[in-house]
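Q: give me a model of this one.
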Amino acid sequence: MSNISASLVKELRDKTGAGMMDCKNALNENNGDIESSIDWLRTKGLAKAAKKSGRVASEGLIAISSSDNFSAIVEVNSETDFVARNDTFQAVANTISSLGLSSSNIDDLKKQNISEKNINVENYITEMISSIGENINLRRMTRFESSNSHVSTYIHGQVNEGLGKIGVMVNFKSDSEKGSLDELGKKIAMHIAATNPLSVSIDGIPSETLERERNILIEEARESGKPEEIIEKMIDGRLKKFYQESVLLEQTYVIDGESKVSTVLESLSSPVEIIEFVRYELGEGIEKASDEDFASEVDSMVSGNWL
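A: This is a model prediction of the structure:
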């Protein structure tokens, strides 16, 4: 059966979670019959991978790759740290981050072809789920262009070259020599890894974040029972402290423990501007499965409801 509709492929994909081309192949092999196609995918291990893809993956690795004009950072998740330390998984993370150098966003990255495998990243991950035996998820990516600037990178908790638990990329603009920028850039990236700022400058803080913080400070100050004019001064002081804790240029530079980051940059012989930065911490924001969830999963396996 050669005329397989897109809606039929979508239906099979929704039921199994298998890749689009895998679903199309399954339908072609089974004359468009959904149930037979599901069985076909199961025999290939692809529907099994789909079941695993529903499980929480909060471990894994942050991976960074760099070229002359681009740097890319990705977060690739697994279910356990044991798998993250596996050579096969680390090769997956490295391959994906290197393809990020030629990808404008995560959807573009998933479509990138892995030449030696003759398969795209999305389907490659599906194959690895079946091979490794755990859910694997490409969670996010960021790419910086550096044709007219300089990008420095840093990996904290490094388990292998370019792989670790926290990753930072910082994009600078400066007339300084590359060697001096490399040293400064690594230190700034280490600072960002340690302090996790929200933005480069005060102007870069999202308005909704600033509004929420101000409202919290107002409520806290009013609980003190002090007059309004005193409350305003209290809010100004607490906002200043918020900036010192949350804004990169306002923070105390952790390398010397004394200077503001902005002061460090201003003291250099050539002006240095931090254009942007990104900091990925493995698993941040992911709600991990509880023991109860794990118990339910085991019970499901015992009951024979597991593919």
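Q: so, low pLDDT: which residues of this structure?
A: Counting by pLDDT under 70, the chain contains low-confidence residues at 1-2, 17, 42-43, 45-57, 179, 287-307.
Q: look up how far residue 210 lies from the residue of it most remote from its centre.
A: In the chain, the greatest distance from the average C-alpha position (C-alpha atoms, centre = their mean) is reached by residue 227, at 45.6 Å. Residue 227 sits 24 Å away from residue 210, going by C-beta to C-beta, to the nearest Å. Heads up, the C-betas are built off the backbone N, CA and C, glycines and all.
Q: got the contact list for the residue nearest to residue 181 when sequence neighbours are not counted?
A: Excluding the flanking residues, the one nearest residue 181 by C-beta to C-beta, 6 or more residues apart in numbering is residue 150, at 4.8 Å. Shown in contact with residue 150 (C-beta atoms under 8 Å, 6 or more residues apart in numbering): 171, 172, 173, 174, 178, 181, 185.
Q: so which of those belong to helices?
A: The helices, defined by DSSP state H, take in 178, 181, 185 from the contacts of residue 150.
Q: circling back to that earlier point, just the buried ones out of the contacts of residue 150, please.
A: Among these, the ones that count as buried by 16 or more other C-beta atoms under 10 Å are 171, 172, 174, 181, 185.
Q: for the residue lying closest to the third one once chain neighbours are set aside, grab phi and psi.
A: Distances taken as C-beta to C-beta, 6+ apart put residue 272 closest to residue 174, at 4.2 Å, once the chain neighbours are dropped. Note on residue 272: its backbone torsions stand at phi -130, psi 130 [degrees, to the nearest 10].
Q: my guess is residue 272 meets residue 172, correct?
A: Yes. Using C-beta atoms under 8 Å as the test, residue 272 is close enough to residue 172 to be in contact (5.8 Å).
Q: and the gap between residue 67 and residue 36?
A: Noted for residue 67: a distance of 46 Å to residue 36, by C-beta to C-beta.
Q: ok, now residue 252?
A: In terms of C-beta to C-beta, residue 252 sits 65 Å off from residue 36.
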